[in-house]
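J.: below are the sequence and a predicted model; questions follow.
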Amino acid sequence: MSRLRRLIVEIHRRSLWQVLLIYAGGAWIAYEIVQSLTEGLELPGWFPGFAVVLFIIGLPFVLATAFVREAPAPRDAQVERAPETAEPRPDERGAGAEPAARHHLLNLRVAALVFLSVAAIWGVIATGWYLVVRDGGDIDVLANRKSIAVLPFENLSGTSENEPFTYGIHDDVLTHLSRISDLKVTSRTSVMEYLDTRRNIREIAEELGVSAILEGGVQRAGHRVRINVQLIDAATDEHLWAEQFDTVLSVETIFSIQSHIAERIAAALRAELSPGERDRIEARPTDVLEAYDFYIRGNNNFNRGYAEEALRVAAETYERAVALDPGFALAHAKLSRVYSALHFFHHDVSGDYLVPARQAADRALQLAPDLAEAHLAAGYYYYWGLQEYDRALAEFAAAREHQPNNSDLIQAIAAVQRRQGEWESALSNFEAALEFDPRSATKALEVGFTYALTRDHAAAEPYFERAISLAPDWATPYVWKAVVHLSWNGDVESARRAMQAAEGKISQSVLLSDFSAAFFTRALFRTLHDDYADVIREQTAADFGADTPAYYLTKADLFTQDADLQRARAYCDSARRVLEPRVRNAAELDVLHSQLALAYAGLGMAEEAIREASLAAELLPVSRDAFYGTDPVTDLARVYVMLGEHDAALDQIETLLAIPGWLSTHWLTLDPVWRPLHDRPRFSRLVEEYGQKRESGPAPRE
């Protein structure tokens, strides 16, 4: 008998065929179960493959056991056989059958034992991963499997003129993904930090709290475009999906590629896509390629912030886009937002931009009633333009139905709620916006700022620290950290250290020309520096911001603290001459009336000062704006102090201490502008009463 035949006979004699079939069948069933568990428990994609490897490792043990274990001998070796022609004796019929059956059973038991061992090993590792890593372990990227960060696409064209197009494609992919409610998408602000980064994927994913990263590159040459993208599992560094598009450049191909990318990402991350979401992703906003080019250039300028020059350039490019395609609803919506921003940030004191802001928003809604960006534009018009907060929230809510992952939209809702005095809802939404945009220093600042205004200073400080770590060259978080230390417990030394860390970051022009932004900074300088006059004198040596009301009022404050009242009056008069015509041209701006009131008070014009300060408080009452409404009340209190109307000043101060705001009992005792009140018994009672309330802390959040 040949060796091969003897091997086959031996395999058959040892029942290996049956054992292998049963083991393989059991492994296949187990693999199907593992696949379901992996998806259901949101385990890493390599767990099914890991199970296969374990079953393969277990197979040699099954085979080795079957060969090593003593097999039943042939019947002619166990009992003496009768002649071939004779019937087997009754005592021979079961002589070889019993050992063979027992051997076969033992082989099956070994196979079952190995199978159960493999399943147990996989189960232990899967359970450990689920409990330790997925739920609270060190690998935060697995906390949400349906989460993604789209890193800035690389400009592969080799020329800077194609950068706006590359950024535009990246921005649009982000917008498409933000329309998928079942997917968590990190905001643009956070991912732009990783432009041209060399950091590894896993590190980035952990910082952003996502499970997947999308990388891509865009190359544009003449009438052709090449876009390549790859979706990477952050936990394993494996490619979940990759594709390259090389096609003729047209609006059809560009929007088709963007839609395809969004849909493939949703499928790879097992995110459910509703029919409405699919329709919105596949919609083509314009049929004019040149209009789309101007639109993405407008986005690039709008994304730079709210400086006047960037906003005006953005407006011009959006205007070009809608001129080329009057039916371009997205461009109309963005144009409306720019107009509203020009008004809100006081680049348009006359109010000329409010009418076109409304017209552009209405046109966008007329063209696309379900477009999220159109409702967003209408919401900003009511918020920034008219301060009609209920209508703004209604529009924002409509926008969020179609774009649930837009962190800027969530923050806008929070900002409106804060102005309405809905502090708990505002905090919840500010924190949600930060979750979608974890690397945003401004969003971290807003959370801390809101906690500070509710006088929950212990909760506020970590967010200012976070903002400082994210934007170490930005002065504002340092200033607010100092404010918190003073308001919280009157810790002057800690506040000084915070301001020293900001040294060189607080520009002189801001200190002297932007009245509202520099208010706390000037108050801090007064409070923290015994040599306040010398400090301010150094800051104003170059006369930054000259011929602005804030500049003149800061100079007046300087000389008042320096007991040079004659020069203080001269600067108050300069402020008056600048402000009076401005107030006539923009009578609805409360800040101008407050500034004019302080100038009149410095000149001893009591009736005029009280009139203007009271009018400012009426224009922006706390009942209408819980956020900024405390500022004119504070200015009214200061006017009363300057005029010697101490009881009237204390009336306003008591109102301020009873509601959320920046003023605290420590500020009242430390800031020299309130010093004339210190010997009043009522002042002492207010400090004691509200100091005790502060020490007891805010009510716990639900």
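T.: Yep, it's here.
J.: let me see the mean pLDDT of stretch 656-671.
T.: Mean pLDDT, computed over stretch 656-671, is 91.
J.: what about P404, which SS state?
T.: Classification of P404 using DSSP: H, G, I helix; E, B strand; the rest coil returns coil.
J.: which ones are touching it?
T.: For P404, the contacting residues are 178-179, 181, by CB atoms under 8 Å, 6 or more residues apart in numbering. No exception for glycine: its C-beta is placed from N, CA and C like everyone else's.
J.: tell me the helices and strands packed up against the helix or strand containing S594.
T.: The secondary structure element spanning S594 is helix 590-602 (assigned by DSSP states H and E). If you count contacts as 3 or more CB pairs under 8 Å, 6 or more residues apart in numbering; DSSP states H and E, helix 590-602 packs onto helix 549-561, helix 565-585, helix 606-619, helix 630-642.
J.: tell me where the stretch 151-300 of the chain has helices.
T.: Assigned by DSSP state H, counting those that start in this stretch, the helices in the stretch 151-300 of the chain fall at 163-178, 188-191, 201-208, 251-268, 275-282, 289-302.
J.: same list (the ones you listed) but as JSON lines, adding distance to E465 and mean pLDDT.
T.: Formatted as JSON lines, these follow (distance: least, CB to CB, whole Å; pLDDT from 0 to 100):
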{"stretch": "helix 163-178", "distance to E465": "28", "mean pLDDT": "91"}
{"stretch": "helix 188-191", "distance to E465": "18", "mean pLDDT": "88"}
{"stretch": "helix 201-208", "distance to E465": "16", "mean pLDDT": "89"}
{"stretch": "helix 251-268", "distance to E465": "34", "mean pLDDT": "92"}
{"stretch": "helix 275-282", "distance to E465": "38", "mean pLDDT": "90"}
{"stretch": "helix 289-302", "distance to E465": "30", "mean pLDDT": "93"}
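J.: with distance to Q230 as new columns, can those be given to me in JSON lines?
T.: Shown next, in JSON lines, are those (distance: least, CB to CB, whole Å):
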{"stretch": "helix 163-178", "distance to Q230": "13"}
{"stretch": "helix 188-191", "distance to Q230": "15"}
{"stretch": "helix 201-208", "distance to Q230": "10"}
{"stretch": "helix 251-268", "distance to Q230": "11"}
{"stretch": "helix 275-282", "distance to Q230": "20"}
{"stretch": "helix 289-302", "distance to Q230": "23"}
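J.: just to revisit the earlier point, contacts for the helix holding S594 next, please.
T.: Residues contacting helix 590-602 (CB under 8 Å, 6+ apart): 515-516, 549-550, 552-553, 556, 560, 568-569, 571-573, 575-576, 579-580, 582-583, 586, 606, 608-613, 615-617, 619-620, 631-632, 635-636, 638-639, 642-643.
J.: just how off-centre is that helix within its chain?
T.: Counting by CA atoms, centre = their mean, to the nearest Å, helix 590-602 is centred 38 Å from the centre of its parent chain.
J.: repeat for stretch 393-412
T.: 13 Å.
J.: one more: stretch 248-267?
T.: Worked out by CA atoms, centre = their mean, stretch 248-267 lies 25 Å from the chain centre.
J.: swap in stretch 583-598?
T.: Centroid displacement of stretch 583-598 relative to its chain, using CA atoms, centre = their mean, is 36 Å.
J.: rewinding a little: now the helices and strands packed on helix 590-602 in a markdown table, with mean pLDDT, mean neighbour count and distance to F345?
T.: Shown next, in a markdown table, are those (pLDDT from 0 to 100; neighbours: other CB atoms under 10 Å; distance: least, CB to CB, whole Å):
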| stretch | mean pLDDT | mean neighbour count | distance to F345 |
| --- | --- | --- | --- |
| helix 549-561 | 82 | 23 | 16 |
| helix 565-585 | 92 | 16 | 16 |
| helix 606-619 | 96 | 19 | 18 |
| helix 630-642 | 95 | 23 | 16 |
